[in-house]
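J.: Task: produce atomic coordinates for the following.
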Amino acid sequence: MVTGLSHGASGALRRFAGWVFRGSVGHPILEGIDYWDDLRDSPSQMETLFAIFANVLELDDQGEPVNEKYAERRAAVWLYQYCTGSAPDGEPPLESWEVELY
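T.: You can find the predicted model right below:
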């Protein structure tokens, strides 16, 4: 039984935070979209972005992430939709469990 975040899960969260704050999350989905001003002025939206990443991230029996890039992509899809008003072409709509705030 895992009692805390594994090094892999902690690293995934750290990398995601780094991508968000460097403006490169979800590359190339958000290429050309300056999302930072929108997020900086709305902490609730930043909270939602991180919730989506955490909700979608799957861990194996040792607590290691198995779909980190997919979790990042789903968070980027939401951010794209938030900034532009529509989903990126070819991306399935977000499901309610993905955007749930626990």
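
J.: use CA for all of it now, contacts and neighbours both
T.: OK.

J.: Could you list the low-confidence segments of the chain?
T.: Segments of the chain classed as low confidence (criterion: pLDDT under 70) are 1-2.

J.: in this structure, which spans are helices?
T.: 7-22, 36-40, 43-56, 68-84, 96-99 (DSSP state H).

J.: any chance of the ones you listed in TSV, plus mean neighbour count and distance to P28?
T.: Below are these laid out as TSV (neighbours: other C-alpha atoms under 10 Å; distance: least, C-alpha to C-alpha, whole Å):
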stretch	mean neighbour count	distance to P28
helix 7-22	16	12
helix 36-40	13	16
helix 43-56	18	17
helix 68-84	21	9
helix 96-99	14	21
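
J.: Dump those into JSON lines; add distance to L30 as well.
T.: Converted to JSON lines, the helices of the chain look like this (distance: least, C-alpha to C-alpha, whole Å):
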{"stretch": "helix 7-22", "distance to L30": "11"}
{"stretch": "helix 36-40", "distance to L30": "11"}
{"stretch": "helix 43-56", "distance to L30": "13"}
{"stretch": "helix 68-84", "distance to L30": "6"}
{"stretch": "helix 96-99", "distance to L30": "18"}
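
J.: Which one of the ones you listed lies nearest to Q62?
T.: Between Q62 and these, the tightest spacing by C-alpha to C-alpha is seen for helix 7-22, at 9.6 Å.

J.: so how far is the closest one off the chain centroid?
T.: How far helix 7-22 lies from its chain's middle: 10 Å, per C-alpha atoms, centre = their mean, to the nearest Å.

J.: now do stretch 6-13
T.: On the basis of C-alpha atoms, centre = their mean, stretch 6-13 sits 14 Å off its chain's mean C-alpha point.

J.: how close does F50 get to A71?
T.: Note on F50: its distance to A71, by C-alpha to C-alpha, to the nearest Å, is 10 Å.

J.: And for S42?
T.: Between S42 and A71 the distance is 21 Å, computed by C-alpha to C-alpha.

J.: rewinding a little: G90: which of the helices of the chain is closest?
T.: helix 68-84 (10.5 Å).
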